[in-house]
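>>> model the structure of this input:
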Amino acid sequence: MTSLAIAAKGLRKSYGDKVVLDGIDLSVPAGTIFSLLGPNGAGKTTAVKILSTLVAPDGGDLRVGGHDLAAEPQAVRAAIGVTGQFSAVDGLITGEENMLLMADLHRLPKREGRRTVAALLERFDLVEAAKKPAAGYSGGMKRRLDIAMTLVGGPRIIFLDEPTTGLDPRSRHTMWQIIRELVSDGVTVFLTTQYLEEADELADRIAVLDNGTLAAEGSAEELKRLIPGGHVRLRFSDPAAYRSAASALRETVRDDEALALQIPSDGSQRELRSLLDWLDSAGVEADELTVHTPDLDDVFFALTGSTTVPAQHHQTEEAAR
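Numbering: from 1, shown residues only. Here you go, the predicted structure:
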């Protein structure tokens with residue numbers, strides 16, 4: 001059984017009368033990407049601050065990297081790295097100097113520190129800019145330097161708090177590739193984001209946070225199945241086959257002009273197999289079968305009641321012939 005990198009039970013935090021986290025439970029298997037998704041003010045950053053020992057919780061049983069957060073905060077800090085929404089890069093010194101400063105803070109021997117810094121600058125495509133003041137870096141370069149600095153200490157768990165906010169699409173995709181590579185090296189990534197597409201692209205599991213509580217948790221596909229509106233579309237070129245299927249299949253929406261049927265479905269393998277078995281047994285051949293599932297926009301709106309989402313996620317379709 002995969003061990004848990006992060007385990008939280010009953011995590012609570014209030015500021016005065018405002019309840020920010022209302023007893024939430026989180027389980028993050030080691031070597032996976034876990035995304036905490038939610039609108040502004042939902043409590044995402046507070047959760048990161050608590051799990052990374054920066055803010056004390058009001059209650060909850062919390063373990064990070066196998067260590068009890070309350071009893072062993074130093075052990076937790078040794079196991080984690082944190083990159084926030086706002087860069088920790090010092091713009092007055094060069095990229096390389098920022099990195100070497102982190103190596104000193106982690107008390108790496110000089111030779112090992114320089115070797116580690118050189119390898120990370122190469123990995124994050126920062127060699128050419130290494131000797132230049134970081135103030136002149138683009139947003140994407142600063143974010144790459146930020147994560148490279150986080151990796152100097154070799155953390156096995158990394159908290160990325162909205163790491164692509166404000167980045168252009170190219171820089172965002174570069175950051176996604178970096179995150180995937182981290183996980184392929186066995187690192188666990190705890191990612192908070194407002195971007196639905198980002199959670200859909202990256203996360204093994206997603207928790208939707210709303211008003212301090214978890215509205216739902218699961219894989220992107222599992223979450224999409226919670227929301228009604230999924231359907232299978234069958235398209236025919238043979239009018240006789242179309243009529244035969246239309247008369248036999250229940251709850252279908254007909255498109256006589258396109259010779260297409262729309263059948264409510266959660267998109268599960270079981271439902272698809274049942275439909276394909278029926279088509280085979282009836283001797284009816286569909287030219288095209290397309291599965292339409294609700295996207296994370298639909299999930300987000302339905303679970304949070306939010307009316308605005310910063311980055312729209314384009315609907316995806318799975319097509320099989």
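>>> after the host helix or strand of Gly81, which helix or strand is next?
Using DSSP states H and E, Gly81 maps to strand 80-83. Moving toward the C-terminus from strand 80-83, the next helix or strand (DSSP H and E) is helix 95-105.
>>> what does that next one rub up against?
89-90, 93, 112-114, 116-117, 120-121, 126, 129-132, 134, 137, 141, 145, 148-149, 152-153 (CB atoms under 8 Å, 6 or more residues apart in numbering). No exception for glycine: its C-beta is placed from N, CA and C like everyone else's.
>>> okay, it in PDB with CA atoms only?
Output of helix 95-105 as PDB, limited to C-alpha atoms (Å, rounded to 0.1, in the frame of the first residue of the first chain):
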ATOM      1  CA  GLY A  95      20.200  33.900  -9.800                       C
ATOM      2  CA  GLU A  96      23.300  31.900  -8.900                       C
ATOM      3  CA  GLU A  97      23.800  33.900  -5.700                       C
ATOM      4  CA  ASN A  98      20.200  33.200  -4.700                       C
ATOM      5  CA  MET A  99      20.800  29.500  -5.200                       C
ATOM      6  CA  LEU A 100      24.100  29.600  -3.200                       C
ATOM      7  CA  LEU A 101      22.400  31.400  -0.400                       C
ATOM      8  CA  MET A 102      19.900  28.500  -0.200                       C
ATOM      9  CA  ALA A 103      22.800  26.000  -0.100                       C
ATOM     10  CA  ASP A 104      24.300  27.900   2.800                       C
ATOM     11  CA  LEU A 105      21.000  28.000   4.600                       C
END
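>>> tell me if Arg170 really is in a strand.
No: under DSSP: H, G, I helix; E, B strand; the rest coil, Arg170 falls outside any strand and is assigned helix.
>>> ok, it - how many residues close by?
9 (other CB atoms under 10 Å).
>>> also Arg114?
Neighbourhood size, Arg114 [other CB under 10 Å]: 15.
>>> for it, what are phi and psi?
Phi and psi for Arg114, reported as degrees, to the nearest 10, are phi -70, psi -40.
>>> what residues are up against it?
Taking CB under 8 Å, 6+ apart, one finds 100, 103 in contact with Arg114.
>>> same check, this time on the one 3 residues further on
Counting by CB under 8 Å, 6+ apart, Val117 makes contact with 96, 99-100, 103, 152.
>>> Ser265 too?
Taking CB under 8 Å, 6+ apart as the criterion, Ser265 is in contact with 230-232, 271-272, 275, 291.
>>> and the two most separated of the residues you listed?
With distances taken as CB to CB, the most widely separated pair in the contacts of Ser265 is Gly230 and Leu275, at 12.8 Å.
>>> show only the entries of the contacts of Ser265 found in helices.
Using DSSP state H, 271-272, 275 are the members of the contacts of Ser265 that sit in helices.
>>> by pLDDT, give me the weakest of those.
Of all the ones in helices among the contacts of Ser265, Glu271 carries the smallest pLDDT score, 85.
>>> next, count neighbours for that residue.
16.
>>> which one is it nearest to, not counting chain neighbours?
The shortest distance from Glu271 to any non-neighbouring residue, by CB to CB, 6 or more residues apart in numbering, is to Ser265 (5.0 Å).
>>> do the same with Ala130
Glu96 (4.1 Å).
>>> pLDDT score for that neighbour?
The model reports Glu96 with a pLDDT of 97.
>>> just give me the neighbour total for it.
For Glu96, the neighbour count with other CB under 10 Å is 20.
>>> can you check the one 4 residues further on too?
Around Leu100 sit 19 other residues, with neighbours defined as other CB under 10 Å.
>>> can you check the one 4 residues further on too?
When neighbours are defined as other CB under 10 Å, Asp104 has 11 of them.
>>> right, I'll leave it there.
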